[in-house]
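Chemist: Could you look at this predicted model? Sequence included:
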Amino acid sequence: MSTPKMPRMGEGLAAGPSGDTILLRKPKLATNRARKREIPEGLWTKCPGCATMLYDKELDDHLKVCRHCGHHFPISARERINALVETCSFEEMDATMTSVDALQFTGVSPYPDKLAAYQKATGLKDAVITGIGRIGPVRTALGVMDFGFLGGSMGAVVGEKLARLIEAATDRGLLLVIISTSGGARMYEGMFSLMQMAKTSAALAYHARQRLPYISVLTHPTTAGVMASFASLGDLIMAEPGAMVGFAGPRVIKDTTQAELPPGFQTAEFLQEHGLVDAIVPRKQLKERLITYGGYVLAGQASRRDGP
Ligand SMILES: [Zn+2]
């Protein structure tokens with residue numbers, strides 16, 4: 001790589017009307033710096049829904065939802081868990097489980113380097129947090145994915161942690177809730193990644209055989225291997241407003257089928273109209289709805305167990 005050519009003194013410079021030296025050609029770096037001065041980073045975020053500038057602190061207070069137009073911004077797994085479970089009631093499972101580079105994958109950068117970088121950036125060990133906690137009065141086995149960790153991709157750790165969570169829910173007779181967001185299988189783990197689809201689905205089949213409830217919550221985006229396994233297997237499937245949900249992205253489908261796609265294709269709302277999603281639930285109402293629905297399904301389960 002060659003170093004960019006810097007303007008020498010006098011080159012690209014001229015005297016302004018007041019005698020000040022002005023730049024005829026602005027170096028790129030200087031432009032970026034000027035913009036940063038106008039909008040301090042980490043203080044304001046522009047809403048992609050309504051273009052309003054939102055104060056970050058206020059956005060955090062509203063669970064990362066724009067209070068003007070209701071646009072749902074990405075939210076980390078930890079923030080979600082904090083918003084859902086009762087204080088100090090969450091016992092995390094398999095918190096230290098980390099991926100190994102079984103395939104010795106080398107691409108743009110080696111897999112261990114990628115993992116280390118994302119672990120440092122997110123404070124997570126992998127793309128899901130699992131554990132058991134109380135949501136209102138309902139003891140719940142809760143799994144929450146984080147898109148910030150390698151696009152919420154499912155490798156062996158995500159699959160194993162979720163399978164263990166599902167098995168714990170089955171053993172203890174608990175309501176299971178998984179909040180998904182994922183770009184799909186983790187390419188760095190190849191076939192090991194694809195095997196997680198079968199493993200999580202099989203664990204869910206045992207959970208269902210015990211007539212125990214599972215609520216799946218789809219958030220933006222939930223796609224590919226995750227959508228094609230545990231995310232679409234909920235007894236109840238809820239989705240956040242505007243979430244993109246599907247197997248392949250709309251552009252890929254359009255290119256493959258050469259067909260014009262219907263408006264709103266692969267949005268949560270479209271899938272509710274077509275029967276895959278049971279309810280669209282804004283983030284702020286999720287806790288309340290989980291308590292209500294959890295109460296219904298557990299009551300149903302109790303009556304079946306005690307019934308004739
Ligand atoms: Zn907005």
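Modeler: Good, I have the coordinates. Bear in mind that the values here come from a model prediction, so they are computed numbers and not experimental data.
Chemist: where does residue 217 land on pLDDT?
Modeler: Residue 217 is assigned a predicted lDDT (pLDDT) of 98.
Chemist: Tell me which other helices or strands the helix or strand where it lies touches.
Modeler: Using DSSP states H and E, residue 217 sits within strand 214-223. Judged by 3 or more C-beta pairs under 8 Å, 6 or more residues apart in numbering; DSSP states H and E, strand 214-223 is in contact with strand 175-182, helix 190-209, strand 236-239, strand 245-246, helix 286-306. Backbone N, C-alpha and C define where each C-beta goes, glycine included.
Chemist: hey, which of these is tucked in deepest?
Modeler: Among those, the stretch with the highest mean neighbour count (mean count of other C-beta atoms under 10 Å) is strand 175-182, at a mean of 27.
Chemist: Using CSV, write down the CA coordinates of it.
Modeler: Extracted in CSV, the C-alpha atoms of strand 175-182 (Å, rounded to 0.1, in the frame of the first residue of the first chain):
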residue,chain,number,x,y,z
LEU,A,175,-41.7,-21.5,29.4
LEU,A,176,-39.1,-21.1,26.7
VAL,A,177,-38.6,-17.7,25.0
ILE,A,178,-36.0,-17.1,22.3
ILE,A,179,-35.5,-13.7,20.8
SER,A,180,-33.8,-14.0,17.4
THR,A,181,-31.8,-11.8,15.2
SER,A,182,-29.4,-13.4,12.7
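Chemist: Now do that strand: which elements does it pack against?
Modeler: Counting by 3+ C-beta pairs under 8 Å, 6+ apart, strand 175-182 packs on strand 138-145, helix 156-172, strand 214-223, helix 224-227, helix 286-306.
Chemist: angle of the helix or strand containing residue 79 against strand 175-182?
Modeler: For residue 79, the host element (DSSP H and E) is helix 77-84. Using axes from the mean of the first three to the mean of the last three C-alpha atoms, to 10 degrees, the direction of helix 77-84 lies 140 degrees away from that of strand 175-182.
Chemist: in the stretch 101-250 of the chain, which segments are predicted with low confidence?
Modeler: Scanning the stretch 101-250 of the chain for pLDDT under 70 picks out nothing.
Chemist: Quick one: residues contacting the residue lying closest to residue 81 once chain neighbours are set aside.
Modeler: Nearest residue to residue 81 in three dimensions, chain neighbours excluded: residue 144, at 5.6 Å (C-beta to C-beta, 6 or more residues apart in numbering). Residues in contact with residue 144 (C-beta atoms under 8 Å, 6 or more residues apart in numbering) are 77, 80, 81, 128, 129, 130, 178, 179.
Chemist: Which SSE is immediately downstream of the helix holding residue 79?
Modeler: strand 91-93.
Chemist: Surely residue 167 touches residue 205?
Modeler: No: Residue 167 is not in contact with residue 205 according to C-beta atoms under 8 Å; the separation is 11.6 Å.
Chemist: ok, the strand holding residue 217: who's next to it in the sheet?
Modeler: strand 175-182 (parallel), strand 236-239 (parallel), strand 245-246 (parallel) (DSSP bridges).
Chemist: Turn those into JSON lines, including distance to residue 119.
Modeler: Listed next are the strands paired with strand 214-223 as JSON lines, based on distance: least, C-beta to C-beta, whole Å:
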{"stretch": "strand 175-182", "distance to residue 119": "18"}
{"stretch": "strand 236-239", "distance to residue 119": "29"}
{"stretch": "strand 245-246", "distance to residue 119": "28"}
